[in-house]
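S.K.: Show me how the following folds:
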Amino acid sequence: MGRRRKGREVALQFLYQLDLHGEADPEPHAEEFWSRHPVDPETRAFADALVRGTKHSEAKVDALLTQYAEHWDLDRMAAVDRNVLRLAVYELLFRPDVPTKVAINEAIEIAKKFGTQESSRFINGLLDRISRELRPAS
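M.R.: Model (predicted):
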């Protein structure tokens with residue numbers, strides 16, 4: 001597994017933990033989280049940037065998810081799906097270094113690993129709609 005995939009997976013785990021505890025700021029929990037999920041420094045730096053960026057942009061990302069996820073409230077989504085989507089939408093909106101296809105494909109693969117059988121289809125459909133409107137050229 002590549003460093004970026006591993007970084008995304010660990011970022012998802014951290015986002016999931018923060019989400020379940022209703023925490024907005026990862027900083028007070030970082031030391032404990034990283035002690036339980038040791039990774040190499042490059043992977044940690046990438047994952048940490050994803051977590052911080054996703055949490056910083058969460059209100060805007062959640063507003064977009066609410067807008068595009070017809071008939072789905074964020075709080076009704078499975079926590080894993082919600083956080084995979086948050087991470088992927090953050091990458092689509094704020095990480096121009098990540099190609100659209102990569103952001104979507106990584107989210108789908110991570111959803112297959114951590115989510116339910118239906119997660120990858122749900123996430124693929126929603127990210128496809130969002131990316132076509134918000135990032136059509138990449």
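S.K.: any low-confidence regions in the protein?
M.R.: 136-138 (pLDDT under 70).
S.K.: Find the nearest non-adjacent residue to the residue nearest to the spatial centre of the chain, please.
M.R.: Nearest to the mean C-alpha position of the chain, counting by Cα atoms, centre = their mean, stands residue 87 at 1.8 Å. Spatial nearest neighbour of residue 87, chain neighbours left out: residue 54 (5.4 Å); criterion: Cβ to Cβ, 6 or more residues apart in numbering. All C-beta spots, glycine's among them, are computed from the backbone N, C-alpha and C.
S.K.: That neighbour: which element?
M.R.: Using DSSP states H and E, residue 54 sits within helix 41-56.
S.K.: Identify all contacting residues around that helix.
M.R.: 3-4, 6-8, 10-11, 14-15, 18, 24-26, 30, 34, 39, 61, 86-87, 90-91, 94-95 (Cβ atoms under 8 Å, 6 or more residues apart in numbering).
S.K.: right, and the helix or strand after that helix?
M.R.: helix 58-68.
S.K.: Give the next helix or strand downstream of that following helix.
M.R.: Past helix 58-68, the next helix or strand by DSSP H and E is helix 79-94.
S.K.: Go through that next one and flag the buried ones.
M.R.: 80-93 (16 or more other Cβ atoms under 10 Å).
S.K.: Adding distance to residue 66, write these out as JSON lines.
M.R.: Conversion of the buried residues of helix 79-94 to JSON lines gives the following (distance: Cβ to Cβ, whole Å):
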{"residue": "80", "distance to residue 66": "18"}
{"residue": "81", "distance to residue 66": "14"}
{"residue": "82", "distance to residue 66": "11"}
{"residue": "83", "distance to residue 66": "15"}
{"residue": "84", "distance to residue 66": "16"}
{"residue": "85", "distance to residue 66": "11"}
{"residue": "86", "distance to residue 66": "12"}
{"residue": "87", "distance to residue 66": "16"}
{"residue": "88", "distance to residue 66": "15"}
{"residue": "89", "distance to residue 66": "11"}
{"residue": "90", "distance to residue 66": "15"}
{"residue": "91", "distance to residue 66": "19"}
{"residue": "92", "distance to residue 66": "16"}
{"residue": "93", "distance to residue 66": "15"}
